[in-house]
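**Student:** how would this look folded up:
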Amino acid sequence: MKLYCALLFVLVCTACARNTTIGEQYIGAKYVRDPLGEEVAPDTDPLIRFDAFDCTTFVETALANGDKEKLNHIRYKNGVIGFVNRNHFIETDWVPNNANLVENVSDKYGKTTTRTVTINRSAWMKKVHNISDTTPTKTVKLKYIPYASLGEIKNDEPLIVLFVLSANPYFINKTGTELAVHHMGFLLPGGKILRHASSGLGAVVEVNFNEYVAKRQKTANNLGIMLLEIKK
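**Tutor:** Modelled structure (predicted):
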């Protein structure tokens with residue numbers, strides 16, 4: 001019986017450790033905007049690196065557990081490497097193309113509403129990168145929890161948090177497309193700690209989730225959060 005209990009304790013503790021360690025090895029790495037690329041023009045940055053991240057590449061690399069092949073399948077549609085094939089937009093590329101990996105579970109954690117966003121990928125490619133792209137304009141509905149409806153979150157597993165914005169005419173005029181998801185990170189089990197690559201702090205850090213949410217709630221155009229469950 002003692003041996004059984006000891007083994008059970010080890011298994012439980014191992015599971016607990018696994019639940020909270022996602023991306024932990026990258027804490028302290030510097031924040032660099034758009035640090036990854038295809039190693040060829042138009043983006044000659046490396047396919048993988050561990051010394052610098054932005055919010056998206058941090059989440060992607062942590063999900064891949066540092067495995068280059070897994071990372072490529074997260075960053076590119078069907079794992080086919082190429083700038084045009086990259087999952088540039090979280091709303092219409094990243095989330096649907098990673099449906100085998102993540103699922104929107106926002107309604108499990110609060111009263112949700114819907115944000116409709118139209119992504120003009122072709123216009124963005126042309127205006128920002130001068131690349132011709134024939135991807136049709138896509139309109140999607142994002143289920144999210146408004147900050148006013150956000151209560152205490154008690155998650156047993158890490159969740160990916162997506163921070164949702166309202167439409168911003170300035171951004172549309174500047175880039176050629178609307179945008180809804182502005183930032184992402186991991187909400188650790190218990191709902192208290194956000195682990196993310198922060199541009200403001202210049203590194204991968206851990207911050208108090210409620211305090212971070214309170215700041216975003218006071219900022220113009222911020223609406224709420226989407227919560228994605230990582231499928232096993």
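
**Student:** Show me where the chain dips below the pLDDT cut-off.
**Tutor:** For the chain, the stretches flagged by pLDDT under 70 are 1-18.

**Student:** need the contact list for the residue nearest to the spatial centre of it.
**Tutor:** With distances taken as Cα atoms, centre = their mean, residue 184 lies nearest the centre of the chain, 3.8 Å away. Counting by Cβ atoms under 8 Å, 6 or more residues apart in numbering, residue 184 makes contact with 55, 56, 59, 90, 160, 161, 162, 163, 196. Backbone N, C-alpha and C define where each C-beta goes, glycine included.

**Student:** Mind doing that once more with 7 Å?
**Tutor:** Contacts of residue 184 were listed using Cβ atoms under 7 Å, 6 or more residues apart in numbering, and they are 55, 56, 59, 90, 160, 161, 162.

**Student:** these two touch, right, the fourth one and residue 179?
**Tutor:** Right, residue 90. No: here residue 90 lies out of contact with residue 179, judged by Cβ atoms under 7 Å, at a distance of 8.8 Å.

**Student:** neighbour-wise, which of the two wins?
**Tutor:** Comparing residue 90 with residue 179 by other Cβ atoms under 10 Å, the one with more neighbours is residue 90, at 25 against 18.

**Student:** ok, for that one, nearest residue in space, not its chain neighbours?
**Tutor:** Distance criterion Cβ to Cβ, 6 or more residues apart in numbering; nearest residue to residue 90, sequence neighbours excluded, is residue 181 at 4.1 Å.

**Student:** how close does the one you found sit to residue 166?
**Tutor:** Look at residue 181 and residue 166: by Cβ to Cβ, to the nearest Å, they are 12 Å apart.

**Student:** Check residue 136 too.
**Tutor:** Look at residue 136 and residue 166: by Cβ to Cβ, they are 24 Å apart.

**Student:** Which one's more surrounded, the two?
**Tutor:** residue 166 (13 against 8).

**Student:** gap between residue 188 and residue 195?
**Tutor:** 6 Å.

**Student:** quick one: which of those two has more around it?
**Tutor:** residue 195 (26 against 22).

**Student:** and that one, what element?
**Tutor:** In the assignment (DSSP states H and E), residue 195 maps to strand 193-198.

**Student:** Output the contacting helices and strands for that strand.
**Tutor:** Strand 193-198 sits against helix 55-63, strand 181-187, strand 203-208, helix 209-217, with contacts defined as 3 or more Cβ pairs under 7 Å, 6 or more residues apart in numbering; DSSP states H and E.

**Student:** could you give the angle of that strand to helix 209-217?
**Tutor:** 50 degrees (axes from the mean of the first three to the mean of the last three Cα atoms, to 10 degrees).

**Student:** in strand 193-198, what counts as buried?
**Tutor:** 193, 194, 195, 196, 197, 198 (16 or more other Cβ atoms under 10 Å).

**Student:** Just flag the most distant two among those residues.
**Tutor:** Farthest apart among the buried residues of strand 193-198 by Cβ to Cβ are 193 and 197. That separation is 14.5 Å.
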